[in-house]
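Trainee: Just to be clear, the model below is a prediction. Sequence and coordinates:
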Amino acid sequence: MQAQGKPAQLRWGIAGAGGIARRFCRDVNQHGTLGQVVAIAARDQGRADAFAQELALPLAFGSYQALAQSLEVDAVYVAVIHPEHAALIKEMLLAGKHVLVEKPAVTRLKDWDALVALAHERGLLLLEAMKVMCFPAMRTLLARLPELPGPLSLRAAFGSVQSREGKLFDPALEGGAAWDVGVYPLWLYAAFCKQLGLEAGKPEVRLQRAPGEVDLSAHFTFDGAIRAELGASIIEDLDKAAYLSGQWQGQPWTLVIEGKWWNPQGVRWLSGAPDAPWAQEIALPVAGGGMQHEADHFAHCVAEGLLDSAWLPQALTRQVLGWVERGLTPARD
Ligand SMILES: NC(=O)c1ccc[n+]([C@@H]2O[C@H](COP(=O)([O-])OP(=O)(O)OC[C@H]3O[C@@H](n4cnc5c(N)ncnc54)[C@H](OP(=O)(O)O)[C@@H]3O)[C@@H](O)[C@H]2O)c1
C-alpha cells in the first residue's frame, strides 16, 4: 500500500552488474524521487549477490530470465554491453516490463523499429538512456534555444583513451568510437534540430579505421540549418566542453556547455555575450552522477501511461542509430 501523499514508486530491476549499473543504482536510490532500484540480475548468481550486498538491494537474480519473470519489478534498466541489448529488450518487453536501455540502444535500425513496435503493441515504454537530455541544465538550454539568434553552429565531441584490451576495440562486440561515444554528440545535434523544428540532414562521415577493425575515431559534419562538427574517439582525449555559436547584430557569440558537456552542470557565454535576456547563464549542478533525472523522467512517463517521451523521443534514437549505422556500413561489407 502506498503512503498517503507519496507518488507511486517505479520498481526498477537492473540487467547486468557492470560499471554503469552501479552508477545508475547509486544515483536512483540516493537521489531519485519517483523510483527505487530493487533488483539486480547478472549471468552469475555470485556477481548478482555481491552487487546486491554492496548496494543494499533486496533482490538478486542469477539470470536475466529470472529478472524478467519477477513480479516485484516494473521496469528494467538494460545495462549490458550493447551487442546484447536487442535480445534482452525483447525478452523484457515480452515479460511485460518497461525498458530503459543504455546507449547505443541497439546497433541495427531494423531492430529498433521492431522493438518500438513491440513496446507499443504491449503498451510498454521503451526509451534509450541518453541521460544528458534529462539534466536540468540541458532542459533549460533547450527551452531557451528558440530565443538564441542564429544561424547556429555546434561543436561537440566525446573522446578518451581506452584500454586496447577492452571490448571497445573488438569488432565482434560492436566496439568503436561511433557506437560507444559518437552517439552522444549526434543526439545533442538531433535534439537541437528537433527543438527548433529544423531538418537535421545527413552527415558527412570520416572514420579512422583499418580493414576488419573498429573505428578508432569518427567525425560527423552536418552542413544544414545548424552546422555541426561532431567528434568521437577511443584513442584520444577530446575537448569535454561543447560550443554553440551564432550571430547577433553582426557580432558572433559563443556559449559553452560546461562540466563534461554530456553531464552538463551549466551554460556560460564565452564571447559576444551581450546584455540580452537570452544570454543569461545557466547554473544547475546535479547531485551525484545525475542519472536520477533520466530515471525520474522515465517513471513520470510510465505513470502518465506514455509510450514515448518528449525528452528522449524514440524517433531521435532512430535518427542517431541510422547515422551511425550508415556511417559504418562499409565495414560490414
Ligand atoms: N550512460 C553512460 O554514462 C554510460 C557509461 C558507460 C557505459 N554505458 C553503456 O552501458 C552499457 C554497459 O556498459 P558498461 O561499461 O557498464 O559495461 P561492462 O561493465 O563492461 O559490462 C556490463 C555487463 O554486460 C554484461 N554482459 C552480458 N553479456 C556479455 C558478454 N557476452 N560479454 C561481456 N559482458 C556481457 C555483463 O553482465 P553480468 O554482470 O550479467 O555478467 C557485464 O556486467 C553499454 O551499452 C555502454 O555503452 C553508458
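Mentor: Arrived safely, thanks for sending.
Trainee: ranges for the strands of the stretch 51-200 of the chain?
Mentor: Ranges of strands in the stretch 51-200 of the chain, per DSSP state E, counting those that start in this stretch, are 59-61, 75-78, 98-101, 126-128, 153-159.
Trainee: Kindly reformat those strands as JSON lines containing mean pLDDT, distance to residue 244 and mean neighbour count.
Mentor: Every residue, glycine included, has its C-beta placed from N, CA and C. Below are these laid out as JSON lines (pLDDT from 0 to 100; distance: least, C-beta to C-beta, whole Å; neighbours: other C-beta atoms under 10 Å):
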{"stretch": "strand 59-61", "mean pLDDT": "98", "distance to residue 244": "43", "mean neighbour count": "21"}
{"stretch": "strand 75-78", "mean pLDDT": "98", "distance to residue 244": "30", "mean neighbour count": "26"}
{"stretch": "strand 98-101", "mean pLDDT": "98", "distance to residue 244": "28", "mean neighbour count": "26"}
{"stretch": "strand 126-128", "mean pLDDT": "98", "distance to residue 244": "23", "mean neighbour count": "28"}
{"stretch": "strand 153-159", "mean pLDDT": "98", "distance to residue 244": "5", "mean neighbour count": "22"}
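Trainee: Now tabulate those strands in JSON lines and tack on distance to the ligand.
Mentor: Listed next are the strands of the stretch 51-200 of the chain as JSON lines, based on distance: least, C-beta to the nearest ligand atom, whole Å:
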{"stretch": "strand 59-61", "distance to the ligand": "10"}
{"stretch": "strand 75-78", "distance to the ligand": "8"}
{"stretch": "strand 98-101", "distance to the ligand": "8"}
{"stretch": "strand 126-128", "distance to the ligand": "10"}
{"stretch": "strand 153-159", "distance to the ligand": "10"}
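Trainee: and the ones you listed as JSON lines, adding distance to residue 136?
Mentor: Output for the strands of the stretch 51-200 of the chain, formatted as JSON lines (distance: least, C-beta to C-beta, whole Å):
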{"stretch": "strand 59-61", "distance to residue 136": "31"}
{"stretch": "strand 75-78", "distance to residue 136": "21"}
{"stretch": "strand 98-101", "distance to residue 136": "19"}
{"stretch": "strand 126-128", "distance to residue 136": "18"}
{"stretch": "strand 153-159", "distance to residue 136": "19"}
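Trainee: For this structure, what lies in contact range of the ligand?
Mentor: Selection of the chain residues close to the ligand by C-beta under 6 Å from any ligand atom yields 16-21, 42-44, 47, 79-82, 84, 102-103, 129, 131, 167, 180.
Trainee: Repeat the analysis, applying 5 Å as the threshold.
Mentor: Residues of the chain found near the ligand (C-beta under 5 Å from any ligand atom) are 16-20, 42-43, 80-82, 84, 102.
Trainee: quick check, nearest of those residues to residue 65?
Mentor: Using C-beta to C-beta, residue 43 comes nearest to residue 65 of the residues of the chain next to the ligand, at 10.3 Å.
Trainee: Next, count neighbours for that closest one.
Mentor: When neighbours are counted by other C-beta atoms under 10 Å, residue 43 registers 14.
Trainee: heads up, I number from 204, so please use that
Mentor: Sounds good: first residue 204 from here, last item residue 246.
Trainee: so which residue of the stretch 204-353 of the chain comes closest to the ligand?
Mentor: For the stretch 204-353 of the chain, the nearest residue to the ligand under the criterion C-beta to the nearest ligand atom is residue 221, separated by 2.4 Å.
Trainee: quick revisit: can you select the buried ones among the residues of the chain next to the ligand for me in ChimeraX?
Mentor: Buried subset of the residues of the chain next to the ligand, written as a ChimeraX selection, criterion 16 or more other C-beta atoms under 10 Å:
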select :219,220,221,223,245,283,285,287,305
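Trainee: Could you point out which residue ranges in the protein have low pLDDT?
Mentor: Along the chain, the model assigns pLDDT under 70 to residues 204-210, 477, 533-536.
Trainee: try it again with 80
Mentor: By pLDDT under 80, the low-scoring segments of the chain are 204-211, 476-478, 533-536.
Trainee: Would you map the helices across it?
Mentor: 222-234, 248-258, 267-272, 288-297, 312-325, 339-347, 380, 386-399, 494-506, 517-531 (DSSP state H).
Trainee: In contact with the most centrally placed residue in the chain, which residues?
Mentor: Central residue of the chain (C-alpha atoms, centre = their mean): residue 333, 1.5 Å from the mean position. Counting by C-beta atoms under 8 Å, 6 or more residues apart in numbering, residue 333 touches 306, 386-387, 390, 497, 515, 519-520.
Trainee: Closest one of those residues to the ligand?
Mentor: Nearest to the ligand among the contacts of residue 333 is residue 306, at 5.5 Å by C-beta to the nearest ligand atom.
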